[in-house]
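K.L.:
fold the following for me, if possible:
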Amino acid sequence: MQRELVWFEEVKKIVQPQYIDMETTKEKHLKNCSLKSTGTAFSIPGGTDDKTGRPNFLREKAFLYFTIADGVALFSSSTAMLMFLFILTSRYAENDFLKSLPLKLMVGLTSLFISIASMMMAFCTAFYLSCQYESRWVPDLTFIFAIVPVALYAFLQLPLVSDMSSSTFCSSLLFQPWKRMIN
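P.N.:
Model prediction:
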């Protein structure tokens with residue numbers, strides 16, 4: 001590894017600066033993604049009853065959706081953060097690139113997708129509970145706009161996850177001996 005780092009520093013001297021900056025930007029982006037997924041806050045929509053301490057909207061069906069979505073968002077964002085952290089702190093051994101790192105990345109990206117979707121669901125149901133006695137079109141519009149980041153993430157990341165799955169799980173089949181056609 002030390003020789004490769006020395007070699008990298010030598011190559012860096014002759015490569016155009018914009019290519020070096022592109023790689024540094026990618027690394028910073030991965031670190032920022034893992035750090036941003038750790039921030040979370042919890043507040044109960046509608047507040048709690050002063051006497052009993054129970055949520056005011058406890059009997060509402062939307063409150064059940066909120067609590068499930070909020071719990072799923074918490075656990076999936078924690079899983080995504082841990083997977084990206086495992087990737088950042090990996091040994092980067094040659095064999096890790098065959099299965100370990102791609103699997104961690106696929107689990108991380110999938111968990112991040114679930115986290116984004118459930119976070120949007122939790123936000124929309126909390127917004128619905130807060131505004132259900134006002135105009136009806138505002139929560140409906142919020143639901144529609146909440147689909148945009150979920151769909152955008154799915155649209156942009158699905159090809160990457162698909163390519164990684166096929167290369168991780170199907171690449172070992174490339175050099176497998178098949179049944180001989182000629183006897």
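
K.L.:
return the helix or strand in the protein with minimum mean pLDDT.
P.N.:
helix 17-36 (a mean of 53; mean pLDDT, DSSP states H and E).

K.L.:
need the longest helix for the chain.
P.N.:
With secondary structure taken from DSSP state H, the chain has its longest helix at helix 137-170.

K.L.:
nearest the middle, which residue of the protein would you pick?
P.N.:
Nearest to the geometric centre of the chain sits residue 112, at 1.6 Å (CA atoms, centre = their mean).

K.L.:
so where does the closest residue to that one other than its chain neighbours fall, helix or strand?
P.N.:
With sequence-adjacent residues excluded and distances taken as CB to CB, 6 or more residues apart in numbering, residue 112 is closest to residue 80, at 4.1 Å. Just so you know, the C-beta spots here come from the backbone N, C-alpha and C atoms, and that holds for glycine as well. When secondary structure is defined using DSSP states H and E, the element that contains residue 80 is helix 61-88.

K.L.:
can you check residue 50 too?
P.N.:
Counting by DSSP H and E, no helix or strand carries residue 50.

K.L.:
report how many residues lie close to the residue nearest to residue 112.
P.N.:
Look at residue 80: counted by other CB atoms under 10 Å, it has 24 neighbours.

K.L.:
quick one: it from residue 118, how far?
P.N.:
12 Å (CB to CB, to the nearest Å).

K.L.:
orientation of the helix holding residue 80 relative to helix 137-170 in degrees?
P.N.:
40 degrees (axes from the mean of the first three to the mean of the last three CA atoms, to 10 degrees).

K.L.:
buried stuff in helix 61-88?
P.N.:
Of all the residues in helix 61-88, those buried under the rule 16 or more other CB atoms under 10 Å are 62-63, 65-67, 69-70, 72-74, 76-77, 79-87.

K.L.:
check which helices and strands the longest helix of the chain sits against.
P.N.:
Taking 3 or more CB pairs under 8 Å, 6 or more residues apart in numbering; DSSP states H and E as contact, the helices and strands that helix 137-170 lies on are helix 100-131.

K.L.:
check the offset of the helix it packs on from the chain's centre.
P.N.:
Between the centre of helix 100-131 and the centre of its host chain there is 7 Å, according to CA atoms, centre = their mean, to the nearest Å.

K.L.:
now do that helix against helix 137-170, angle only.
P.N.:
An angle of 170 degrees separates the directions of helix 100-131 and helix 137-170 when computed by the same axes, to 10 degrees.

K.L.:
quick check: buried residues in helix 100-131?
P.N.:
Per 16+ other CB under 10 Å, helix 100-131 contains these buried residues: 100-129.

K.L.:
what about residue 123, distance to residue 14?
P.N.:
Distance from residue 123 to residue 14, by CB to CB: 50 Å.

K.L.:
if anything else comes up later, I'll come back, but that's it for now.
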